[in-house]
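Q: sequence first, then the predicted structure:
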Amino acid sequence: MSNDTATATTAEPGTAPEPPPHGLGVSLLPAEARAKTEGTFPYAADLWAEGLLWAAVLRSPHPHAHILSIDTTHAREMPGVRAVITHEDVPGAALHGRGKADRPVFASEVVRHHGEPIAAVAADHPDTARMAAAAVIVEYEVLDPVTDPEQAFEAEPLHPDGNLIRHIPLRHGDPDAAGDIVVEGLYRIGRQDPAPIGAEAGLAVPRPDGGVELYVASTDPHADRDTAAACYGLEPERVKVVVTGVPGATADREDQGFQLPLGLLALQTGCPVKLTATREESFLGHVHRHPTLLRYRHHADAEGKLVKVEAQILLDAGAYADTSSDALAAAVSFACGPYVVPNAFIEGWAVRTNNPPSGHVRGEGAMQVCAAYEAQMDKLAKKLGIDPAELRLRNAMATGDVLPTGQTVTCPAPVAELLQAVQDFPLPALPKDTPEDEWLLPGGPEGAGEPGAVRRGVGYALGMVHMLGAEGADEVSTATVKVHDGVATVLCAAVETGQGFTTLARQIVQETLGVEEVHVASVDTDQPPAGPGCRGRHTWVSGGAVERAAKMVRTQLLQPLAHKFGMSTELLQITDGKITSYDGVLSTTVTEALDGKELWATAQCRPHPTEPLDGTGQGDAFVGLAFCAIRAVVDVDIELGSVRVVELALAQDVGRVLNPAQLTARIEAGVTQGIGVALTENLRTARGLVRHPDLTGYSLPTALDAPDIRIVKLVEERDVVAPFGAKAVSAVPVVTSPAAVASAVRAATGRPVNRLPIRPQAAVVTATQ
Amino acid sequence: MPELPRPPCQHVPYGNTGGTRWGSGKGQPVLTTHAPQAAQAVTLPASLDEAVAALAAMPAAVPVAGGTDLMAAVNSGQMRPAALVGLGRISEIRGWQYQDGHALLGAGLTHARMGRPDFAALIPALAAAARAAGPPQIRNAGTLGGNIASASPTGDALPVLAALEATLIIAGPGGARREIPVSHLLAGMEMLRGGELIGYVRVPLLHAPQVFLKATGRTGPGRSIASVSLVLDPARRGVRCAVGAIAPMPLRPLDAEQWVASLIDWDNNRAIVPEALTAFGEYVAAACIPDPAPAEDGSVEQLPPAVLHLRRTVAALARRALGRALS
């Protein structure tokens, strides 16, 4: 869809046609907005190929078991079945994994979590494939699962690599420091599932050269290609990942437990193979947010200034390491929050259990600790008799302060300003002040809520999160910009996951080259790598690469003209497809200047390097930080314990607003995901078995659960090291909003609320409490 | 470019986001499947008796109305009915009629229809339960009869029907009709026989306040943690109450009902002393979630916290329900 139609649909009738908005800072509509709204946008599940086969994956029904034998004879003999593969059919590397190669493609001797892939089938009908997968006879010797992360230290190793994935003993400052006031707490955070709106799906097509093409909704195509190639025993060049429409990605959305078998089946059968995961498989297969156990002790002086924070943080990584190491680094580094803490002693562990696998979910590590340190701040305020917001203000971090990792905060850190903004924002009216409005009670419009039992609470939370990969990750991205005939094209392997990268790329090129029509090519691994789409990195590095490439094209375009007129290219400007000089002597169009030529440029963006945390958790591990302050207002029915979030007022440090409409949407989406963590989202297990892996049992927030979200202030203090000075915006609302909701429930009920999601019985006030 | 050997299968993927490299494809080809079983037969009878006849002719067939439970089971592979008898075109069971002081509700009434004001004027509690029963998409499809037939513990209409002491009119082969109290079916005392269908639900019209209250863990639509339906029967000076979702079937606290009915001043605006509301709530909760029986040594085990919370929830719901019915 061209840019014109996108804007035409928004133009109000009867007004003079305004030039369509373009460039940075405007609310350009995503090019695919219309197709997505109308339901015609193609996702991986819509793919089709002539003569395709359907795949199904057999998954373990046990969380922990020895596999004694796998018998595929019956499955192979079923009519319509074309291939059945197990661990014996993996020609290349048997192990893979995002952070660490410790996960088998198919379980061979041991299954370590409920839903681990054991075999895969290709058949000429999806039902045949499923029935054949069910006909694979696996003999198990069921073992006791290790489901309590605290038991993992002592338990028999679940994996040859041992049960401890990472331990960070962070030491910062004076261990003997002590404050007059000490508060302690134990906190538990549940298991959030990213629950993308579209479950995993993909198509593998064999190539004539013996390679394979994977059409999947990958968010990190090059890493997925390398993993796949290693497992297939092929050179990376012979495996191509083509990224399809991505139906939602707030995490590493793709479960390689289906991507890898898909390609293997295609290679073995010589036919295209398609798989669409059921919701149940999706819940079992992909990674979840780390369930976390946190023990905290905060020391403060009589004025409420923090003296020391001691904490123990235990992440349940599930059966395989994945990116748990990164999550732990974030959890330990941000364990004190955006506060000045001179002395910090934080022990963090990520351990293996037989629970569902954990990995990267937006705000990983930082979200769990935020809920805990903000609960501690509330406790401290109560003990000191200080207003909770005031206590936070007294300790707020600013640029130049030092993190517990020893890293100095060099980026803008307007924490106090953010908190002040949400504090000053008027509170929502009480129902008694606006009797004409219908009051949505906790429990919903047809619920059992009774106004007399409802208490209102106001709570605050401050959160922080890092941007880009940490601890020395090479966060590089490459982009190519081409101009021909007055139309620009961007080629960059940054995947549009809904974060708005393609729109941003169009805006950058419009801004730099003055060309109205910009296309962003689809992504595959024939392009140079752009890295995973997480932690705001595409806005930063891929956006930066696009800008550099566009500037190089601009120079190529203007150089001959500048030379001809004897002026430097800086004195020429391009607007609306016209090139003019500062003095108005020169005026031509881009198309004329191109003279039929095609201009290409490729550029890279690589942010300044970081270093790993050392043995005591010290090091400049992060490229940039983002902050946010949230004030939550909740209504609690104190007899039933039902909670409704009435309003969330948010102030965020965004560096620079590049697209106001998308920014608002990202913040609202992040806040809503946080509401899920706070109130309903927890993938429950019983002895390692996932219970209710469906969207009835797992409650995602609906429109009625989402509060009024007020974006009170966006602080635009540019981060000088970031391209355009912009910060990532999606993660920090997810990190902060659960803590804010918990704080407000605490204020409404006086209960401690030390567990997320908040269960109704934790929000009930009885006569004895 | 040298001619590469063709892959063994022709393939035309469409729908990669760019759409340029592969062209726009040929449009979506019709999905021709070689299903491993014979094609499913779907019958769409136009009357209740035709439906019963269709079921009799194909004993393996499964009746389907809204399909909100059945089709989920089919899609997830838990169920693979050999044939379906669709009840959606039987217009006689999609409305209601009056019959000597009762309403005869068609089993095909959707939740959306029952939630509308004209229905709410007749049977307010059932209308409230219908409005609370899930998101609009589910309420548009799910039916009263389906709610009874699937008999899910969290079925929102069930406690209302139990409190109303509704009777089911079951259609059998050859135009046969028999009646079963809804509680008998839900308790498994009487079962539907092969080839039978729930045709109608007979509900008394009480012309008095009725309440349905449901506690969920969220503000949006969700399954109930506990629900309470309470109806007043002024003609017989009775209060009838049923608690849903905490047991496999709705529970009736009969003693509590009788006790509270005796406290209501039926001739004086149905007045009641306020303390009685709280006591009624506690009574209902203790009846539905009793304390464990004392052990041999006389010690009483404490209920686990989650059960205590459930009991408090039921007590609050019952108290609120009675309060609203009498206000």
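A: Perfect, I can see it now.
Q: show me where the stretch 401-550 of chain A has helices.
A: For the stretch 401-550 of chain A, applying DSSP state H, counting those that start in this stretch gives helices covering A:415-424, A:501-513, A:537, A:543-565.
Q: quick one: buried residues of the first one?
A: Of the residues in helix A:415-424, those with enough neighbours to count as buried (16 or more other C-beta atoms under 10 Å in any protein chain shown) are A:415-423. Using the backbone N, CA and C atoms, a C-beta is placed for each residue, glycine as well.
Q: can you put the residues you listed in JSON lines and add pLDDT?
A: Formatted as JSON lines, those follow (pLDDT from 0 to 100):
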{"residue": "A:V415", "pLDDT": "94"}
{"residue": "A:A416", "pLDDT": "95"}
{"residue": "A:E417", "pLDDT": "95"}
{"residue": "A:L418", "pLDDT": "95"}
{"residue": "A:L419", "pLDDT": "96"}
{"residue": "A:Q420", "pLDDT": "95"}
{"residue": "A:A421", "pLDDT": "95"}
{"residue": "A:V422", "pLDDT": "95"}
{"residue": "A:Q423", "pLDDT": "95"}
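Q: looking at the residues you listed, which is nearest A:G674?
A: Nearest to A:G674 among the buried residues of helix A:415-424, counting by C-beta to C-beta, is A:V422 at 14.8 Å.
Q: ok, that closest one - contacts?
A: Shown in contact with A:V422 (C-beta atoms under 8 Å, 6 or more residues apart in numbering or on different chains): A:460, A:629-631, A:649-651, A:712-713.
Q: and residue 156, how many residues sit next to it?
A: Using chain A. 8 (other C-beta atoms under 10 Å in any protein chain shown).
Q: let's do chain B instead
A: Other residues close to B:D156 by other C-beta under 10 Å number 27.
Q: separation between it and B:H111?
A: Using C-beta to C-beta, to the nearest Å, B:D156 is found at 8 Å from B:H111.
Q: need the residues touching each of those two.
A: Here B:D156 and B:H111 have B:130, B:133, B:147 as joint contacts, going by C-beta under 8 Å, 6+ apart.
Q: mind putting these into CSV with pLDDT and secondary structure?
A: Supplementary listing: these in CSV, determined by pLDDT from 0 to 100; DSSP: H, G, I helix; E, B strand; the rest coil:
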residue, pLDDT, secondary structure
B:A130, 95, helix
B:A133, 90, coil
B:N147, 94, helix
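Q: okay, these in TSV with neighbour count and distance to A:G536 next?
A: Listed next are the shared contacts of B:D156 and B:H111 as TSV, based on neighbours: other C-beta atoms under 10 Å in any protein chain shown; distance: C-beta to C-beta, whole Å:
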residue	neighbour count	distance to A:G536
B:A130	29	45
B:A133	25	41
B:N147	28	47
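Q: and those, which is closest to A:D71?
A: The shortest approach to A:D71 among the shared contacts of B:D156 and B:H111 belongs to B:N147, at 43.4 Å (C-beta to C-beta).
Q: the closest one and B:D156 touch, don't they?
A: Yes: with contact defined as C-beta atoms under 8 Å, B:N147 counts as touching B:D156 (7.4 Å).
Q: give the closest residue to A:E450 in space, chain neighbours not counted.
A: B:R320 (5.3 Å; C-beta to C-beta, 6 or more residues apart in numbering or on different chains).
Q: that neighbour falls within a helix, correct?
A: Yes: B:R320: assigned to a helix according to DSSP: H, G, I helix; E, B strand; the rest coil.
Q: doesn't B:L213 make contact with it?
A: Yes: at 5.9 Å, B:R320 and B:L213 qualify as touching, with contact defined as C-beta under 8 Å.
Q: pick out whichever of these two has more residues nearby.
A: B:L213 (29 against 24).
Q: contacting residues around the more buried one?
A: Shown in contact with B:L213 (C-beta under 8 Å, 6+ apart): A:447-448, B:227-229, B:317, B:320-321, B:324.
Q: in JSON lines, list those along with distance to A:G80 and pLDDT.
A: Converted to JSON lines, those look like this (distance: C-beta to C-beta, whole Å; pLDDT from 0 to 100):
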{"residue": "A:G447", "distance to A:G80": "49", "pLDDT": "77"}
{"residue": "A:A448", "distance to A:G80": "52", "pLDDT": "86"}
{"residue": "B:S227", "distance to A:G80": "47", "pLDDT": "95"}
{"residue": "B:V228", "distance to A:G80": "52", "pLDDT": "96"}
{"residue": "B:S229", "distance to A:G80": "50", "pLDDT": "97"}
{"residue": "B:L317", "distance to A:G80": "53", "pLDDT": "96"}
{"residue": "B:R320", "distance to A:G80": "58", "pLDDT": "95"}
{"residue": "B:A321", "distance to A:G80": "56", "pLDDT": "95"}
{"residue": "B:R324", "distance to A:G80": "59", "pLDDT": "93"}
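Q: what subset of these is buried?
A: Members of these classed as buried by 16+ other C-beta under 10 Å are A:447-448, B:227-229, B:317, B:320-321.
Q: for the helix or strand of chain B with the lowest mean pLDDT, C-alpha coordinates in PDB please.
A: One helix or strand of chain B scores below all others by mean pLDDT, DSSP states H and E: helix B:70-75, with a mean of 86. Listed next in PDB are the C-alpha coordinates belonging to helix B:70-75 (Å, rounded to 0.1, in the frame of the first residue of the first chain):
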ATOM      1  CA  LEU B  70     -18.100 -28.300  21.300                       C
ATOM      2  CA  MET B  71     -16.200 -26.600  18.400                       C
ATOM      3  CA  ALA B  72     -13.300 -25.800  20.800                       C
ATOM      4  CA  ALA B  73     -13.000 -29.400  21.600                       C
ATOM      5  CA  VAL B  74     -13.200 -30.400  17.900                       C
ATOM      6  CA  ASN B  75     -10.600 -27.800  16.900                       C
END
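Q: which parts of that helix are buried?
A: B:70, B:74.
Q: just checking, what packs against that helix?
A: Helix B:70-75 sits against strand B:61-64, with contacts defined as 3 or more C-beta pairs under 8 Å, 6 or more residues apart in numbering or on different chains; DSSP states H and E.
Q: list the pairing partners of the strand it packs on within its sheet, with orientation.
A: For strand B:61-64, the paired strands and their directions (DSSP bridges) are strand B:83-86 (parallel).
Q: given the helix or strand following the strand it pairs with, what are its sheet partners and their directions?
A: Once strand B:83-86 ends, the next helix or strand along the chain (criterion: DSSP states H and E) is strand B:96-99. When pairing is defined by DSSP bridges, strand B:96-99 lines up against strand B:102-106 (antiparallel).
Q: ok so, going back, for the residue nearest to A:E450, what are its contacts?
A: So B:R320 contacts A:448, A:450, B:213, B:281 (C-beta under 8 Å, 6+ apart).
Q: I'd say the second one and A:S642 touch.
A: No: when contacts are counted by C-beta under 8 Å, A:E450 is not listed as touching A:S642 (10.6 Å).
Q: got the domain boundaries for the chain?
A: Since no chain was named, I'll use chain A. For chain A, automatic domain parsing gives the domain ranges A:49-143+A:198-249+A:253-274, A:292-470+A:612-763, A:477-605.
Q: nope, chain B
A: Listed by automatic domain parsing, the domain ranges of chain B are B:41-86, B:91-204, B:210-326.
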